[in-house]
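# Mind looking at a prediction? Sequence and model below.
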Amino acid sequence: MITLLLYLLRLLPFLCDGRRQLALENLALRQQLAVYKRMARRPKLRRSDRLFWVWLAKVWVGWRQSLVIVTPDTVLRWQRRRFREHWTKLSRRPTRGRPRVDPEITALVIQMAAANPLWGAPRIHGELLKLGIHVAERTVSRLLPKRRTPPSQTWRTFLTNHVRDLVSIDFFIVPTVRLRVLFAFVVLAHDRRRVLHFNVTEYPTAAWTAQQIVDAFPDDSAPSYLLHDRDSVYGHAFRQRVKGMGIGEVLTAAHSPWQNPFSERLIGSIRRECLNHVLVLGERHLRRTLARYFAYYHRARTHLSLDKDAPHGRPIERPELGKVIPIREVGGLHHRYVRRAA
C-alpha cells in the first residue's frame, strides 16, 4: 500500500497537466506489477529482456524509477557480465599459428632417424626434399627423437670392430711337481679363437717374448694390432721388434685383466679343462700337454662365440654315415664324437 501511495504522489503532476489518462494507465500497470511481484518469488527473464533494459539504461536517464521486476544493481550487473563475455570470446578466438605436420611425415622422419643413427636434421631434410616432401629443416629437427650424447668408444666396441685384425697375448704361470714355476705364453687370434703360437719358459724376458712374436707371425702374416697388458716383460726389446714388424700395440689399463677378455677366457679354459687335472713334471711335459689340449681345442671343442663350432671348423655328420663312436682326447680328459660305418 505504501508503494502504491508513493507511485500516486509521483503521478500527481501528470494528473494536473492534462495527461490524466496516461497517468492513470501507468498507475494501473504499476499496481498490477506490484501484485505480481508479491505473488511470484522471482520472475524468469529472457536474454532479450536483459538487453532491453541495458539499452534503456543508456538512452533514458530516469530508467531507475521505472524498474519494478529487478533492481538497478541487477541491470548494471547484466551489463558488466555482457562486457566480460564479449572480451572473453574475443580472447578465445583461435589464432592461425604454425600448420600441423602430417602424421605420415612425422612417422617417416622417425623411421629415417632410427634406421640411420648417423644422420642429422640436414641429412634427413635433404632426403625428404628428394622425395618431394616440402617441410622446413627446423620442423625436421623438432620431430627427431631426443638422443643422448653417445659415450666414448668402449673396449667391447673396439674389439668388435677390429676382431679380424686383433691378436692378444698373455702369460700364465704353471706350478710343477718340483715346486718350480713355469711361464706359458699364448698368442690368440680373436676372429676364430685360434691359438696361433704358444711356448713355455722358466725365465721370461723381453727378448724372449719378442722372439715368440717373430715365430708366431712368419713372413707377412703380422696382424694390425696386438693387445697386451703393461707387464714389464713387454720391455724395450719387445716394443722395438713389434714396431719393426708394423704391428700397433694396444695396452690395457693397469690392473684391468677384463680389458683382455679373450686371452683371459682362453687361460681359464686351459686351467679348468686341462691343467687342473694334470701334475706338470717340467717344461717338456707342459709343452706336450698343451699341444694335445690345443689340438683338441682347435679340432673338436665347440665355442659359444662361434655358434657352437670349432675354431678350425667342424662339419656336420649326417646320421646315415654310421654309428656314433667316441675318440679320446687329452689323455682321456675329453672325447670327440664322430660317425663311423659299422
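Yep, that arrived. Source: prediction; values computed, not measured.

# Please enumerate the helices of the stretch 151-300 of the chain.
In the stretch 151-300 of the chain, the helices defined using DSSP state H, counting those that start in this stretch lie at 155-161, 206-216, 236-244, 261-273, 283-299.

# rank those by pLDDT, which is bottom?
Note on those: lowest mean pLDDT is at helix 155-161, with a mean of 72.

# centre of the chain versus it, how much separation?
20 Å (CA atoms, centre = their mean, to the nearest Å).

# who's in contact with that helix?
166, 190, 250, 259, 261-262 (CB atoms under 8 Å, 6 or more residues apart in numbering). (Glycine included, C-beta is placed from N, CA and C.)

# can you rerun that using 10 Å?
151, 153-154, 166, 168, 190, 225, 227, 250, 252-253, 256, 258-262 (CB atoms under 10 Å, 6 or more residues apart in numbering).

# ChimeraX command to pick out the buried ones of the residues you listed?
The buried residues among the contacts of helix 155-161 can be selected in ChimeraX (16 or more other CB atoms under 10 Å) with this line:
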select :166,168,190,225,227,250,252,259,260,261,262
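
# Tell me which entries of the contacts of helix 155-161 lie within strands.
Under the assignment DSSP state E, those contribute 166, 168, 225, 227, 250 to strands.

# who touches residue 236 in this structure?
Residue 236 is in contact with 206-207, 210, counting by CB under 10 Å, 6+ apart.

# Ok, residue 233 next?
171, 183, 185, 204-206, 208-210.

# Could you give the number of residues near residue 105?
17 (other CB atoms under 10 Å).

# That one and residue 132 touch, don't they?
No: with contact defined as CB atoms under 10 Å, residue 105 and residue 132 do not form a contacting pair (11.4 Å).

# List the contacts of residue 336.
296, 299-301, 310, 314, 325-330 are the contacts of residue 336 under CB under 10 Å, 6+ apart.

# Can you report phi and psi for the closest residue to it other than its chain neighbours?
Take residue 336 and drop its neighbours on the chain: the residue closest to it by CB to CB, 6 or more residues apart in numbering is residue 300, 3.9 Å away. The phi/psi pair for residue 300 (degrees, to the nearest 10) reads phi -120, psi -30.

# let's have the chain start at 840 instead
All right, first residue 840 from here; so that's residue 1139.

# pretty sure residue 1139 is touching residue 1154, no?
No: Residue 1139 is beyond contact range of residue 1154, at 11.9 Å (criterion: CB under 10 Å).

# which one of these two has more residues nearby?
The residue with more neighbours, out of residue 1139 and residue 1154, is residue 1139; 19 against 7, by other CB under 10 Å.

# Report the separation between the more buried one and residue 1069.
35 Å (CB to CB, to the nearest Å).

# Assign residue 1163 to helix, strand or coil.
Here residue 1163 is recorded as strand under DSSP: H, G, I helix; E, B strand; the rest coil.

# Quick one: name whatever helix or strand follows whichever strand or helix holds residue 926.
Secondary structure assignment for residue 926, by DSSP states H and E: helix 911-930. Sequence-wise, the next helix or strand downstream of helix 911-930 (DSSP H and E) is helix 942-954.

# after that next one, next one along is what?
Next along the chain after helix 942-954, taking DSSP H and E as the criterion, comes helix 960-969.

# Can you point out the buried residues in the following helix or strand past that next one?
Once helix 960-969 ends, the next helix or strand along the chain (criterion: DSSP H and E) is helix 976-982. Of all the residues in helix 976-982, those buried under the rule 16+ other CB under 10 Å are 978-979, 982.

# Please apply the same query to stretch 1147-1166.
So for stretch 1147-1166, counting by 16+ other CB under 10 Å, buried means 1148-1150, 1153.

# How much space separates residue 947 from residue 894?
59 Å.

# between the two, who's got more neighbours?
Shown here are residue 947 and residue 894; by other CB under 10 Å, residue 947 has more neighbours (18 against 11).

# so what pLDDT did that one get?
So residue 947 comes in at 89 (pLDDT).

# Surely it is in contact with residue 941?
Yes: contact criterion CB under 10 Å: residue 947 and residue 941 qualify, at 9.1 Å.

# Give me the common contacts of these two.
972, 974.

# on that earlier part again, just the ones of the buried residues of stretch 1147-1166 in strands?
Among these, no member falls in strands (DSSP E).

# Distance to residue 1039 and pLDDT added to those, as TSV?
Formatted as TSV, those follow (distance: CB to CB, whole Å; pLDDT from 0 to 100):
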residue	distance to residue 1039	pLDDT
1148	29	89
1149	24	90
1150	21	92
1153	28	88
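
# Between all of those, which two are separated the most?
1150 and 1153 (9.2 Å; CB to CB).

# Name the helix or strand of the protein that has the lowest mean pLDDT.
Within the chain, no helix or strand scores below helix 841-855, which has a mean of 54 by mean pLDDT, DSSP states H and E.

# Which among the contacts of residue 1072 count as buried?
Buried among those (16+ other CB under 10 Å): 1010, 1022, 1024, 1043, 1045, 1047-1049.

# where in the protein is pLDDT low?
Scanning the chain for pLDDT under 70 picks out 840-884, 892, 899-911, 914, 932-936, 987-991, 998, 1181.
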